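>>> Any chance you could fold what I've pasted below:
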Amino acid sequence: MLNNERTGFLNGGLDNSLDILRTEKTRVDRGSTTRAAAAAAGSETIVNGARAAAVALAFNRYK
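Residues are numbered from 1 along each chain as shown. Take a look at the predicted model:
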């Protein structure tokens, strides 16, 4: 049987480990969200660029 001091240490260590894991998961989730937003913005930029090129080509063709 563990004495109270040792049990408290183990419980505290477990709590600290769980806090570290939660913090890391939050950081990873935020990073994933940021990457997804950046990818969406990049895709939107590509689409807008393609749209602008298509409009320019159409304008030049019928000028």
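>>> Enumerate every residue touching residue 49.
Under the criterion of Cβ atoms under 8 Å, 6 or more residues apart in numbering, residue 49 has no neighbours. All C-beta spots, glycine's among them, are computed from the backbone N, C-alpha and C.
>>> Can you check what pLDDT the model gives residue 9?
Residue 9 is assigned 49 on the pLDDT scale.
>>> Then residue 26?
Among the per-residue scores, residue 26 holds a pLDDT of 68.
>>> go on, residue 32?
So, for residue 32, pLDDT stands at 68.
>>> Residue 1 too?
43.
>>> Repeat that for the one 4 residues further on.
Predicted confidence (pLDDT) at residue 5: the value is 50.
>>> Need the three-state assignment for residue 50.
Assigned by DSSP: H, G, I helix; E, B strand; the rest coil, the conformation of residue 50 is helix.
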